[in-house]
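> Here is my input; please provide its structure:
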Amino acid sequence: MSQAGSSPPSPTPSGLADWAWQSAAELLVPPPAGPSSPSAAPDLEALVEAIDSAQPKLPLSGDSDKHEPGSWDPALLASLGLTLLSRTADAEQDELLRRAADGLRQQLAGNIVTYVVNRNLNVSNHCVKHCSFCAFRRDAGDPGAYWLSEADLQQKAAEALEAGATELCIQGGLNPAATVAGSQLAYAERLLGLLQQAAPGLHLHAFSPQELLYFAQHDRLPLDQVLARLQAAGLGSVPGTAAEVLSEQVRQVLCPEKLTAREWVAVMLQVHQHGLPATSTLMAGHIESPADLVAHLLTLVAVQRYALQHQRQGFTEFVLLPFVGASAPAALRSRVQRDQPDPAAMLRLTAQARLLLGPWFRFHQPSWVKLTLPGATEALRWGCNDLGGTLMEEHITTMAGASGGTRQSPQALEAAAQRLGRPVRRRTTLYGAVA
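Take a look at the predicted model:
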């Protein structure tokens, strides 16, 4: 399904492959039409059963070549999803929702809670974009602007390796000065090389779809060439951030300068084609409607189905990112009228996302940075099976005013799972076991 409707074909943006741009139009699920106000609680058990019946059944094997993507009806699922997400909050119904999501989690992912020991490197907050929700970005020379030196980055990578990390997560603003001989891509390649020198063997999880497209368009290169060169330089997987909400009516308010929903999907299609796994995210709890959330979640399903149909790994996990507005720009903060996430609403959405994403996403992760560790621990009862990473430091959400902290120890994450009586194990970025 496409948000483009019957409008004439749009020219392919620079950098993107024609096939990915056209496929993205076909895969985008538009927000379904429906009631704009909450409805009385439906028969939740019947609704969950209908959603389950509308989802094609997949083998639980992690081997992509054993998956049979099957047919699906996104319009039907969108209608059911809108009914699910438009429910009026009700304690009894919420408990039924929680149990349904928790049961599906157990069926798809088992009882083991996983986490990864990683370090987060937000290289710089210099950025050419001006997203209405972002408290992180700065212009060079502004108060609070920073750009980590190569020596600092190498030191942080070496510290991560010494602390037992298996992953470096590398993201930052779109820094126009981050070039080598005028090339953004050459700087990114150099960055990956320096980190590998300082911390050999660590998995490099780096560069959002927004960053990747920026490299391609700045350097006037095909995205395929950008991806191939970054892989050769050591890129192991891609974070699925910059998705925010994959609904243009929301993006025009939140991030009108950012890549469009269709561009985000097109970039991800090319990322998957290159054999690069990626995470998927949803930023929620601001100005979006239930219909926008449904469109986002089912678009992720559509992209995942496409990956499996083409024997690609696709998305490794889904991460819900609750909006934190404490330090957000004033206009959006005033509109949202909430500084911290609504825990009950985010738990409901955690469960709803598990049900709507169905068998296509085995691994679901809350954000302890945004929800706090106790909140993320509770999310393990609402459909999640993974506690994310230790991070060791974090700047983007912290500068937005989040109260969850900037790092967790392996011991703290393990204790959180054990308090629920769940077994816990350390994992790699791609959900393998750590020896």
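
> hang on, residue 161 in a strand?
No - in this structure, residue 161 is helix, not part of a strand, as judged by DSSP: H, G, I helix; E, B strand; the rest coil.

> Just list the residues touching it, thanks.
Contact partners of residue 161, counting by C-beta atoms under 8 Å, 6 or more residues apart in numbering, are 198-202. All C-beta atoms are positioned from the backbone trio N, CA, C, and that covers glycine.

> Among these, give me the pair with the biggest separation.
Greatest spatial distance in the contacts of residue 161: 198 and 201, 11.0 Å, computed using C-beta to C-beta.

> The two: which is more packed in?
A count of neighbours by other C-beta atoms under 10 Å puts residue 198 above the other of residue 198 and residue 201, at 20 against 7.

> The more buried one: what's it in contact with?
Applying C-beta under 8 Å, 6+ apart to residue 198 gives the contacts 153-155, 157-158, 161.

> Residue 176 and residue 209, how far apart?
18 Å (C-beta to C-beta, to the nearest Å).

> who has more neighbours, these two?
Neighbours were tallied for residue 176 and for residue 209 using other C-beta under 10 Å; the higher tally belongs to residue 209 (25 against 14).

> Against residue 416, how distant is the more buried one?
For residue 209, the distance to residue 416 - C-beta to C-beta - is 30 Å.

> from the contacts of residue 161, which single one is nearest residue 29?
Distance ranking of these against residue 29, using C-beta to C-beta, places residue 202 first at 36.0 Å.

> Might you list the low-confidence residue ranges for this protein?
1-8, 35-41, 57-70, 325-331, 333-334, 336-339, 394-406, 435 (pLDDT under 70).

> So residue 321 belongs to a strand, correct?
Yes - secondary structure of residue 321 (three-state DSSP): part of a strand.

> just checking, it touches residue 367?
Yes - using C-beta atoms under 8 Å, residue 321 is in contact with residue 367, at 5.5 Å.

> Neighbour count for those two, which is higher?
Legend: neighbour count by other C-beta under 10 Å for residue 321 and residue 367, higher for residue 367 (25 against 22).

> Got phi/psi on that one?
In terms of degrees, to the nearest 10, the main-chain angles of residue 367 are phi -110, psi 110.

> now do the one 3 residues further on
When quoted as degrees, to the nearest 10, the phi and psi of residue 370 stand at phi -90, psi -30.

> same check, this time on residue 202
Main-chain torsions, residue 202, degrees, to the nearest 10: phi -70, psi 140.

> For it, which non-adjacent residue is closest in space?
With sequence-adjacent residues excluded and distances taken as C-beta to C-beta, 6 or more residues apart in numbering, residue 202 is closest to residue 168, at 5.2 Å.

> What of residue 231?
Residue 231 sits nearest to residue 274 (C-beta to C-beta, 6+ apart), 6.4 Å away.

> measure the residue with the largest distance to the centre of the chain to residue 227 for me?
No residue in the chain sits farther from the centre than residue 181, which is 32.1 Å out by C-alpha atoms, centre = their mean. To residue 227, residue 181 is 20 Å away according to C-beta to C-beta.

> doesn't residue 173 make contact with residue 127?
Yes - between residue 127 and residue 173 there is a contact under C-beta under 8 Å: 3.0 Å.

> Pick out whichever of those two has more residues nearby.
Neighbours per residue (other C-beta under 10 Å) separate residue 127 from residue 173, with residue 173 holding more: 25 against 22.

> Can you verify my assumption that the more buried one contacts residue 125?
Yes - using C-beta under 8 Å, residue 173 is in contact with residue 125, at 5.0 Å.

> Could you tell me which residues touch both of the two?
136-138.

> circling back: quick check: neighbours shared by residue 127 and residue 173?
Common neighbours of residue 127 and residue 173 (C-beta under 8 Å, 6+ apart) are 136-138.
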